[in-house]
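Novice: mind folding the following:
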Amino acid sequence: MQGFNLFAILLNPGFRAMLLNGLGMTFVVAICSWVLAMTLGLLLLVIRLTPGRIANGAVVAYISYHQNVPTLVQLMLWYFGIASLLPGALQGWLGDHHGEVIFAIIGLGLCQAAYFSEDLRSGLRAVGRGQIEAARALGHSYLGSMRFVLMPQALRNALPALVNHTVSLFKNSSLAMAIGVVELTQAVREVENESFRTFEVYLVATILYLGCSLTIMAMGAVLSQRARLAGAR
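Specialist: Take a look at the predicted model:
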């Protein structure tokens, strides 16, 4: 029976490289998904603000689907279901260019966009109606009011929720292993299979996930503090 030896993992160049590569892929998936989610979340918010009932209904259906279907199921639907409907040439291209990573980013980004959109909508609803009237009185158009007056305040109000969901997105990136993405969790499994040191390698993974999540939360706290100071001026 092997005794506890964390250095057997940390000081092994091969294992260390596998873990660092997995961590790097985790950041690639998380960051790209975040950009997609925030972009789409803003678009969904804009559509939600329009008077069209059909467009509003479509956004509500989109949000309801992504909030009530498990993220893992959504990833598998994209990778095993939707991918099979694509033209053969495109499937071949995706197979040669890490299609599993692309579908993981799409699946996670589309799912998280529903939460970001609701966060931003709640932040916008918290802006006093007098701010809208003041912006229009200063000569801003509707778009100008949204861009220069309302959205900055909405982002400031929504920042705590956005940070929390950003942490959730980072942690949910581990689900990408189910469709073949060699991110941190998958790398940990591969190291465990080669080293037979289950506790040590999962302890390393725990520390890495915890450190990254706490870093994101600390950065969010700094941004919130600065946003409060900027809003108080």
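Novice: residue contacts, residue 154?
Specialist: Residues near residue 154 by CB atoms under 8 Å, 6 or more residues apart in numbering: 120, 123-124, 126-127. Where you see a C-beta, it was placed from the backbone N, CA and C, and this is true even at glycine.
Novice: in the strand or helix carrying it, what counts as buried?
Specialist: Under the criterion of DSSP states H and E, residue 154 resides in helix 151-172. Within helix 151-172, the residues that count as buried by 16 or more other CB atoms under 10 Å are 151, 153-159, 161-163, 165-167, 169-170, 172.
Novice: cool, and stretch 92-109?
Specialist: 94, 99-109.
Novice: mind checking what helix or strand follows the helix holding residue 154 in sequence?
Specialist: Note on helix 151-172: by DSSP H and E, the next helix or strand toward the C-terminus is helix 184-195.
Novice: same list, the contacts of residue 154, but as TSV with neighbour count and distance to residue 134 please.
Specialist: Output for the contacts of residue 154, formatted as TSV (neighbours: other CB atoms under 10 Å; distance: CB to CB, whole Å):
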residue	neighbour count	distance to residue 134
120	24	21
123	22	18
124	19	16
126	12	16
127	17	11
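Novice: now, those residues that are in helices?
Specialist: Judged by DSSP state H, helices contain the following of the contacts of residue 154: 120, 123-124.
Novice: report the distance from the helix holding residue 154 to the chain centre.
Specialist: Mean-position distance between helix 151-172 and its chain equals 10 Å (CA atoms, centre = their mean, to the nearest Å).
Novice: please apply the same query to stretch 22-34.
Specialist: Worked out by CA atoms, centre = their mean, stretch 22-34 lies 9 Å from the chain centre.
Novice: what mean pLDDT does that stretch get?
Specialist: If you average the pLDDT over stretch 22-34, you get 97.
Novice: which residues touch it?
Specialist: Contacts to stretch 22-34, defined as CB under 8 Å, 6+ apart, come from residues 101, 104-105, 108-109, 112, 166, 169-170, 173-174, 176, 181-188, 208.
Novice: buried set for that stretch?
Specialist: Buried positions in stretch 22-34, judged by neighbour count with 16+ other CB under 10 Å: 22-23, 25-26, 28-30, 32-34.
Novice: among the residues you listed, which ones are in helices?
Specialist: 22-23, 25-26, 28-30, 32-34.
Novice: show me which pair in those residues is furthest apart.
Specialist: 22 and 34 (18.5 Å; CB to CB).
Novice: below-threshold pLDDT in this protein: ranges please.
Specialist: Across the chain, residues meeting the criterion (pLDDT under 70) sit at 1, 129-133, 136, 139-144, 148, 230-233.
Novice: and which of the contacts of residue 154 is nearest residue 146?
Specialist: The closest of the contacts of residue 154 to residue 146 turns out to be residue 124 (CB to CB; 8.8 Å).
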